[in-house]
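Colleague: generate coordinates for the sequence data below:
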Amino acid sequence: MYVFARSALYPPLRWGMQWTIEGAQLIPVRGPVILASNHVSYLDPLVLAYLADRRKRRVRFLAKAELFDKGVLGPMLRGAHQIPVKRGTSEAASSLDAAVDALRRGECVTVFPEGTISMDLDPMAGKSGTARLAQESGIPVTPVGLWGAQRILFKGRKPVWRTGVAETVVVGPPVAIAPGEDVRAATDRIMAAICTQVARAREIYPQAPEPGDDGWWVRPSETALLRSCGVAGDTP
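Modeller: Residues are numbered from 1 along each chain as shown. Okay, the predicted model is just below:
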């Protein structure tokens, strides 16, 4: 399944988008790693998979369990051994166990701490699952900022399939989470690091709205600010 996805999906990503990637060297080429990013497009999982592939890494995603029930997507996710998260249930913790096991095998695990796409495109408050994963595994969280793919495929908007859209990815220094650290404080530190990378991604984004483009997808760097998880849900 991975070989199929790599051969079928990566060429359109590589050649169809205008890439700017900063800090990729912060992702180790071997050994366990947790990648955590903001979420602005349905294409973000593919963007992160492509990023990891540039470092010769395969990824294991924590994804909403309901996605595994989709007709086409479900078999693909299961075939690629992705990890379902049954949010809001007593079984949610089992997804963390599966992710910890993957990390102990030296794999690259990828998470979206916000849990869903941000409808206003600014980073949302994080869920605590990423911090818990870092605590249980002892692996720091590598923050990633993504910007651009929302122009192609965004929740609630008609897809705009076109080539040449810029995608900017910024990877930041790993964030270590202490075993006894409060998970909400740790979650805020993770999201603050992600916000920093998002702000940088927006700052260096190489394209502006063209004539006829209302620029709905544009946001200034200054609005990529931490929203504390103090009032956020507590599910992974």
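
Colleague: tell me what whichever strand or helix holds Y50 is packed against?
Modeller: Here Y50 sits within helix 44-54, counting by DSSP states H and E. Applying 3 or more Cβ pairs under 8 Å, 6 or more residues apart in numbering; DSSP states H and E, we find helix 44-54 packed against helix 2-16, strand 33-37, strand 59-64, strand 108-111, strand 141-147, strand 165-171. C-beta coordinates here come from the backbone N, C-alpha and C atoms, glycine included.

Colleague: give me the contacts around that helix.
Modeller: Helix 44-54 has contacts (Cβ atoms under 8 Å, 6 or more residues apart in numbering) with 5-6, 9-10, 13-14, 21, 24, 27, 35, 37, 41, 58-59, 61, 63, 108, 110, 112, 144, 146, 149, 167, 169, 171.

Colleague: now swap in stretch 12-21 and tell me
Modeller: Contacts of stretch 12-21 (Cβ under 8 Å, 6+ apart): 46-47, 50-51, 54, 148-149, 163-171, 204-207.

Colleague: ok, of the residues you listed, which come out buried?
Modeller: 46-47, 50-51, 148-149, 165-171, 205, 207 (16 or more other Cβ atoms under 10 Å).

Colleague: by residue count, tell me the biggest helix in this protein.
Modeller: Across the chain, the longest stretch assigned as helix under DSSP state H is helix 183-203.

Colleague: on contacts alone, who are the packing partners of that one?
Modeller: Against helix 183-203 (3+ Cβ pairs under 8 Å, 6+ apart) you get strand 33-37, helix 129-137, strand 141-147, strand 165-171.

Colleague: picking that back up, out of the buried ones among the contacts of stretch 12-21, which is nearest to A192?
Modeller: Using Cβ to Cβ, V170 is the member of the buried ones among the contacts of stretch 12-21 that lies nearest A192, at 14.3 Å.

Colleague: and that closest one, what does it touch?
Modeller: I21, E22, G23, V144, G145, Q197, V198, R200, A201, I204.

Colleague: redo that, cut-off 6 Å
Modeller: E22, G23, G145, Q197, R200, A201 (Cβ atoms under 6 Å, 6 or more residues apart in numbering).

Colleague: which sections of the protein are below the confidence cut-off?
Modeller: 1-10, 63-94, 231-236 (pLDDT under 70).

Colleague: quick one: furthest residue from the center of it?
Modeller: P211 (30.6 Å; Cα atoms, centre = their mean).

Colleague: correct me, but A193 touches G172?
Modeller: Yes: contact criterion Cβ atoms under 6 Å: A193 and G172 qualify, at 5.5 Å.
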